[in-house]
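Enquirer: Fold the following for me, if possible:
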Amino acid sequence: MKTYKVTITEKLQPEVEAEAASRYEAERLVEKCWQNGDYILDAGHFRGVTFRAEPPQKERGPER
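Expert: Numbering: from 1, shown residues only. Below you'll find the model as predicted:
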């Protein structure tokens with residue numbers, strides 16, 4: 001049997017509203033709130049998952 005490393009990537013995607021003078025300002029405001037823990041993402045925000053397996057690494061002999 002071979003051993004594979006499989007990366008699981010989940011996508012959580014909430015939508016929030018922000019009052020701001022520009023798109024950039026709105027994104028920075030929401031980013032700051034997210035960093036402060038004001039938005040908690042949970043299973044209700046789930047939008048998909050992907051799985052990606054990497055081939056097993058070949059065993060190498062002793063380094064010289």
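
Enquirer: Tell me the helices and strands packed up against the helix or strand hosting residue 53.
Expert: Element membership for residue 53 (DSSP states H and E) is strand 46-54. Where contact means 3 or more C-beta pairs under 8 Å, 6 or more residues apart in numbering; DSSP states H and E, strand 46-54 is packed against strand 5-12. For glycine as for every other residue, the C-beta is placed from the backbone atoms N, C-alpha and C.

Enquirer: next helix or strand past the strand it packs on?
Expert: Past strand 5-12, the next helix or strand by DSSP H and E is helix 23-35.

Enquirer: Would you mark the buried spots in that following helix?
Expert: Neighbour-count burial for helix 23-35 flags residue 30 (criterion: 16 or more other C-beta atoms under 10 Å).

Enquirer: ok, and what's touching it?
Expert: By C-beta atoms under 8 Å, 6 or more residues apart in numbering, the surrounding residues in contact with helix 23-35 are 16, 18, 19, 20, 39.

Enquirer: From residue 50, how far out is the fourth one?
Expert: Distance from residue 20 to residue 50, counting by C-beta to C-beta, to the nearest Å: 32 Å.

Enquirer: Could you do the first one as well?
Expert: Applying C-beta to C-beta, one obtains 24 Å for the distance of residue 16 from residue 50.

Enquirer: With the last one instead?
Expert: The spacing between residue 39 and residue 50, counted by C-beta to C-beta, is 23 Å.

Enquirer: neighbour count winner among those two?
Expert: Regarding residue 39 and residue 50, a neighbour count based on other C-beta atoms under 10 Å identifies residue 39 as having more, with 12 against 9.

Enquirer: Assess the claim that the more buried one and residue 16 are in contact.
Expert: Yes - counting by C-beta atoms under 8 Å, residue 16 is a contact partner of residue 39 at 6.5 Å.

Enquirer: Give me the phi and psi for residue 44.
Expert: Main-chain dihedrals, residue 44, degrees, to the nearest 10: phi -70, psi -20.

Enquirer: So what's the predicted local confidence for it?
Expert: Looking at residue 44, its pLDDT is 96.

Enquirer: ok, what's across the strand from residue 9?
Expert: In this structure, residue 9 bridges to residue 50 when assessed by DSSP bridges.
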